[in-house]
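K.L.:
Structure of the sequence below:
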Amino acid sequence: MHSRLLFIISSHKIGLRLLSRILEWASPSEAKRLYMAIELTKEARQNAINSIQKYFEANLEERIGNLEANALLGFMLEEIGPSIYNKGVADAQERMQARLSDLDYEVHEDEFQYWRNLERRQKGRK
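P.N.:
Got it, this is the predicted structure:
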């Protein structure tokens, strides 16, 4: 069964006032394949919506409702979210690679040291 995805994109005071609705039909598996889902907790989503509303009011002198702010958040998560996510993954990989390269230095043990250590011990006794 196909699920209905509704996205409302609104633009205020940036060029022309735009309110368009995009309907897309896709099965859940197709939707997951086509769109990277970045899930926010309910609390984080509400905080983000409140922040978007505050931004519009403070910087664009325009009030934006919950529905529009939620739609804009959904758009940003889908459109920009993957870039931010990928950058975070790349940064984490880089950091892990750096730690792994340090690992050899931190835990390296010289090999075949028995005879050398024996000589040192014997010299120390004399």
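
K.L.:
Confirm that E39 sits in a helix.
P.N.:
No - secondary structure of E39, determined by DSSP: H, G, I helix; E, B strand; the rest coil: coil, with no helix assignment.

K.L.:
Use 25 as the first number for this chain going forward.
P.N.:
Got it, the first residue is 25 from now on, which makes the last one we talked about E63.

K.L.:
Now do the same contact list for it.
P.N.:
Taking Cβ atoms under 8 Å, 6 or more residues apart in numbering, we find E63 in contact with no residue. The way it works is simple: take the backbone N, C-alpha and C, and place the C-beta from them, glycine included.

K.L.:
State the distance from it to E92.
P.N.:
According to Cβ to Cβ, to the nearest Å, E63 stands 21 Å off from E92.

K.L.:
in the lengthiest helix in the chain, what's buried?
P.N.:
If you go by DSSP state H, the chain has its longest helix at helix 105-131. Going by neighbour count (16 or more other Cβ atoms under 10 Å), the buried part of helix 105-131 is G105.

K.L.:
What mean pLDDT does it get?
P.N.:
Averaged over helix 105-131, pLDDT sits at 89.

K.L.:
same for the next helix or strand after that helix, what does it pack against?
P.N.:
Later in the chain than helix 105-131, the nearest helix or strand by DSSP states H and E is helix 138-149. Helices and strands touching helix 138-149, as assessed by 3 or more Cβ pairs under 8 Å, 6 or more residues apart in numbering; DSSP states H and E, are absent.

K.L.:
Show me what helix 138-149 is in contact with.
P.N.:
Contacts of helix 138-149 (Cβ under 8 Å, 6+ apart): none.

K.L.:
what is the mean pLDDT for it?
P.N.:
90.

K.L.:
next one: stretch 82-100
P.N.:
94.

K.L.:
Go through that stretch and flag the buried ones.
P.N.:
88, 92-99.

K.L.:
now that we're looking at N83, how far away is G105 from it?
P.N.:
Counting by Cβ to Cβ - N83 and G105 are separated by 22 Å.

K.L.:
No more questions from me, cheers.
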